[in-house]
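Asker: Next one to model:
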Amino acid sequence: MPDEPYHDDPITSPQSSEATVAREDALSFLGIDDGATDESGGPDPLTLHQQKHSLLRYLPPDAQRAFRETAQWIKGPQPSRPWRITPVFEGVQTAPIRLIDHYVPRKLHRFWLLVGFYALWLLVFSLMLWKSSFASEIKGYGPPANIGCEARFWLRGNGCGLNGDLCRPFSNSTFAFRCPASCSRAEIIEPYPVGDQKINYQSLVVGGPESNNESEPLYRGDSFVCGAAIHAGFLNDGAGGCGVVRLVGEGADYKSSKAHGIKSIGFDSYFPLSFGFVEGTASQCKDLRWPMLVMSAVFCAILSLFTTSPAVFFASIFTGLFFHVALVSDPPANADYRALISIATGRFLPAAFCMAVMYRLAVRRTLTGLTAQVEKTVLWLGACWVGALNNYTFDKIPIQRLTPHDIQQQPGAIPALIIIVFSLLAIAIGQAWGLRIEGRMPKYLVIYGGLVGSLLLLVAIPGFKVRIHHYILGLIFLPGTSMQNRPSLVYQGLLVGFFINGIARWGFDSILQTWAELRGDAPLGSLLPQILPPIIHQNVGTGLLPNITFEWEHPATERGYDGISILVNEVERFKGWVDSGMRSFTWVREEGHLGLPEYFRFAYLKGSDAADYTRAGVWTAEGGPGLTILTSTVNNFANQSITKAPEIVTLDQATSTTYPPPSQPARESTRDRLKRSFDDARAYVQTEANRFDNNCSSTYTTYGSSNEAMISAILLVLITIFLPPLGVLLIAGCSTDFLINLILTILGFFPGHIHAFYLEYVYYSRLDRAKAGVYDSAPAPFVFSDRILYPRGSRGVEPVGGPQQGVPVAGDAHYATQPEPPVGYGTIPPQQYPEQHPQGVPPYK
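Answerer: Modelled structure (predicted):
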């Protein structure tokens, strides 16, 4: 009587004697057998020999029995049962195969039919791509330049130079541009200062119309150009399109409003660069990515339904989806589509090698003999498209990087992480059960044990961080889907799609990255300037304009700082150097700005590069002779800017004499208590993180650094598990002190670092929760709210010599770990504007 079938109708098949011997030998060194007997009915002599010389003889009998039972369960049922899918409505699902067999029975005819299908697919794809990306021109302005969703005219910090001269012109200039579709989703992922606000995880659009009746809404120059065009109703978010942007110079009092799915940010001061859009230039072109998606999906579905060869199906789908992602749905940021094609073909060659490995490792076993054509198309191909369109599907999950600080600061990251972990655990259990039914669980335990060991070795390398990109996730989990059942069809297609999206969009990014590569626009953790109480002259009734004077302590030259940079409304207005003796800066409020506040931020300089800027201090428009000032006496503490208690300064208008604040009874303020508690928490975190160093100091002295000791421990454990004879010899040859130190290494490393990870997360949680309460109400008119640091620079690629005049530059909407291709992102081709680019566009770094 045949065995009862399992899920997805696995068929029973007797296993070869070679396969049975291989499974038994996998754990033979432990003396595990499955009841094998010789002809006389007694135990096999080989089994008796293995049991006599196995490592299990050192364990108690109960432990030996439990271990053997566990190992026998892991080996699965005997005989094993490979999974096979029996099609639902078999007549319907096999109809495409019967049509091919009836009308194209010969292999040669099928070959030429496939070649013709490829040619038709390539022709339609090329024509639609040309129409979407090349075949358009705006009358009077020339062909538009391709820009990304994060393109803007202004860089972070002092990236535009003193007075913003590197980002000129500010007015009397136009620029024809082309935006891709779905730019409303572009967000910044590190805190960005707009006045005294901290903007994060939203579209960077500052300004816009107060109402829909405004004819030409104006936006601040550092706004995303495409996001502003959508907010203004100039472009459609779903289709993208072309248009002309006009630079109009200085603007003031930018209003906040919500329109077309984007909420703009308000700014109550002035900015030297503003822009609007030229009416009547928006409907000249459109992004055809959604029609091209339908076209590519139809061709893929036809190929899937009428193809039974796993190799032809997988290679065709992989190639088609790769170039669709690289050129249409999620292309790398680049202004020149010819260069984009070059980048895509360059990345495809190594990806094709990975494709062959994936086919041999997992895909071939899953698709061979599969006749459920409709289920293959829906489950495998549909899931593959979901993974390949990651920028529209899983990219919405609010997790950018798995670090304690990022998880804590990003809204919704913690619930999302919990859901992901439990989902992966459930999927892993289901796939492990399926592998056990097929009798392949021991083999895959060895494979994934090796992968885990390799990751632990990478973690132990000093000076690097392990970052698992989503294309690496696809490669890691793909072997566990090498079964022919319906869940494996879904998971395998999804993982292949992840790999395609990761390589086509970002390339083969390293699994080991430095802190600088992972930092992006996050704080450097540098020293912050020590700003003395400013002196303010309102000059009421004197005929002179109001002014404010700042003084500061000399930067720490022993740490490499040799100057200071001051931003006024995010424009660098002052650079002072130690060797020039500059110790103060006076800012005069212009007559046209008398009714507006002004925002100041400070950072030390190392050469021409700025360190972390403080949060903004505001000089309000209502400042009078009697002023209350909260000074920026700051201290770098865990990448946060911590203030001391406020100092009260009274200025006499006639003499500008500074009087000390009235005496107060000595007591610990709330801020001092917060700082002290954070100091204690941080010290405890450091203590726990160094627990391994403290416990294993003798190991460092005798056998090298902590990382070397950890690597030695991991290697010895892996060798003992997978090569037991060699492991036993190594252990026997080790001294007792060495073995004790290795045990201390293993026991001290993992609990200490896991606990430190948790404490760091708690620390950041408490720190960020304290921000709102401490600075909810701030004295006026000049307030330094410097709890969070802001770095300089932009996540985009900057041309050599600074950004081009009148050209949007890449912003910081999506995390990238390496520079984009060497062609300008949103740059104006030199032949269009020779007067602005006499030498053409300079090369990128």
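
Asker: got any ranges where the protein has weak pLDDT?
Answerer: 1-56, 135, 211-215, 283-284, 335, 401-405, 520, 556, 623-845 (pLDDT under 70).

Asker: Surely Gly233 touches Ser257?
Answerer: No. Applying CB atoms under 8 Å as the test, Gly233 and Ser257 come out as separate, 11.5 Å apart. C-beta coordinates here come from the backbone N, C-alpha and C atoms, glycine included.

Asker: More neighbours: the two, which one.
Answerer: The neighbour comparison of Gly233 against Ser257 (other CB atoms under 10 Å) goes to Ser257, with 20 against 15.

Asker: Could you pull up phi and psi at the more buried one?
Answerer: phi -160, psi 160 (degrees, to the nearest 10).

Asker: give the contact list for it.
Answerer: Residues near Ser257 by CB atoms under 8 Å, 6 or more residues apart in numbering: 208-211, 231, 263-264.

Asker: domain parsing for the chain?
Answerer: 17-75, 90-125+289-417+448-513, 136-287+797-845, 535-662+669-676, 690-768 (automatic domain parsing).

Asker: now the end-to-end length of the longest one.
Answerer: Between the opening and closing residues of domain 90-125+289-417+448-513 lies a distance of 50 Å (CA to CA, to the nearest Å).

Asker: So which elements touch the strand or helix carrying Ile419?
Answerer: Per DSSP states H and E, Ile419 falls inside helix 413-437. Judged by 3 or more CB pairs under 8 Å, 6 or more residues apart in numbering; DSSP states H and E, helix 413-437 is in contact with helix 404-409, helix 441-459, helix 486-506.

Asker: Buried residues in it, which are they?
Answerer: 413, 416, 427, 430-431, 434-437 (16 or more other CB atoms under 10 Å).

Asker: just stretch 106-113 next, same as before
Answerer: Neighbour count says stretch 106-113 has Arg110 buried, by 16+ other CB under 10 Å.

Asker: how close does the nearest residue to Ile414 once chain neighbours are set aside get to Phe306?
Answerer: Nearest non-adjacent residue to Ile414, counting by CB to CB, 6 or more residues apart in numbering: Ile407, 6.2 Å away. Distance of Ile407 to Phe306, computed by CB to CB, to the nearest Å: 46 Å.

Asker: likewise His537?
Answerer: Counting by CB to CB, the gap from His537 to Phe306 is 83 Å.

Asker: repeat for Ser342
Answerer: Using CB to CB, Ser342 is found at 33 Å from Phe306.

Asker: Settle it for me: which of these two has more neighbours?
Answerer: Between Ser342 and Phe306, counted using other CB under 10 Å, Phe306 has the larger neighbour count: 18 against 14.

Asker: Let me see the contact set for that one.
Answerer: Residues in contact with Phe306 (CB under 8 Å, 6+ apart) are 96-97, 99-100, 373.

Asker: Over to Leu545?
Answerer: Listed by CB under 8 Å, 6+ apart, the contact set of Leu545 reads 539, 588-591, 594.

Asker: Pull out the buried members of these.
Answerer: Buried among those (16+ other CB under 10 Å): Arg589.

Asker: any chance of the contacts of Leu545 in a markdown table, with secondary structure and distance to Arg84 too?
Answerer: Output for these, formatted as a markdown table (DSSP: H, G, I helix; E, B strand; the rest coil; distance: CB to CB, whole Å):
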| residue | secondary structure | distance to Arg84 |
| --- | --- | --- |
| Asn539 | coil | 89 |
| Val588 | strand | 82 |
| Arg589 | coil | 80 |
| Glu590 | coil | 80 |
| Glu591 | helix | 84 |
| Leu594 | coil | 81 |
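
Asker: List just the nearest of the contacts of Leu545 to Glu551.
Answerer: When those are ranked by distance to Glu551 (CB to CB), Val588 comes first, at 16.3 Å.

Asker: so what's the closest one bridging to?
Answerer: On the basis of DSSP bridges, Val588 is bridged to Asn547.

Asker: measure the residue nearest to Ile265 when sequence neighbours are not counted to Trp587 for me?
Answerer: Nearest residue to Ile265 in three dimensions, chain neighbours excluded: Val206, at 4.8 Å (CB to CB, 6+ apart). Val206 sits at a distance of 22 Å from Trp587 (criterion: CB to CB).

Asker: Pick out whichever of these two has more residues nearby.
Answerer: Between Val206 and Trp587, Val206 has the larger neighbour count (other CB under 10 Å), namely 26 against 18.

Asker: Pretty sure that one sits against Phe224.
Answerer: No. Val206 is not in contact with Phe224 according to CB under 8 Å; the separation is 9.5 Å.

Asker: how near is Leu381 to Leu123?
Answerer: Leu381 is 22 Å from Leu123, by CB to CB.

Asker: Once you drop chain neighbours, what's closest to Phe271?
Answerer: Arg220 (4.9 Å).

Asker: Tell me how many other residues crowd the one you found.
Answerer: Neighbours of Arg220 (other CB under 10 Å): 29.

Asker: Now do the strands in the stretch 1-150 of the chain.
Answerer: 145-146 (DSSP state E, counting those that start in this stretch).

Asker: Kindly report the same for the stretch 501-650 of the chain.
Answerer: Counting by DSSP E, counting those that start in this stretch, the strands of the stretch 501-650 of the chain are 512-513, 535-537, 547-551, 563-568, 571-577, 584-588, 598-606, 609-610, 617-619, 628-630, 634-637, 640-643, 650-651.

Asker: Reformat those as a markdown table; add distance to Ile85.
Answerer: A markdown table is the format used below for these (distance: least, CB to CB, whole Å):
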| stretch | distance to Ile85 |
| --- | --- |
| strand 512-513 | 40 |
| strand 535-537 | 78 |
| strand 547-551 | 73 |
| strand 563-568 | 63 |
| strand 571-577 | 64 |
| strand 584-588 | 74 |
| strand 598-606 | 62 |
| strand 609-610 | 60 |
| strand 617-619 | 66 |
| strand 628-630 | 69 |
| strand 634-637 | 59 |
| strand 640-643 | 56 |
| strand 650-651 | 83 |
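
Asker: Of all these, which one comes closest to Phe323?
Answerer: Closest approach to Phe323 among the strands of the stretch 501-650 of the chain is made by strand 512-513 (27.5 Å; CB to CB).

Asker: neighbouring contacts of that closest one?
Answerer: Under CB under 8 Å, 6+ apart, the answer for strand 512-513 is 458, 461, 464-467, 817.

Asker: neighbouring contacts of stretch 585-595?
Answerer: With CB under 8 Å, 6+ apart, stretch 585-595 has contacts from 252, 269-270, 545-550, 566, 568, 573-574, 576, 598, 600, 619, 621.
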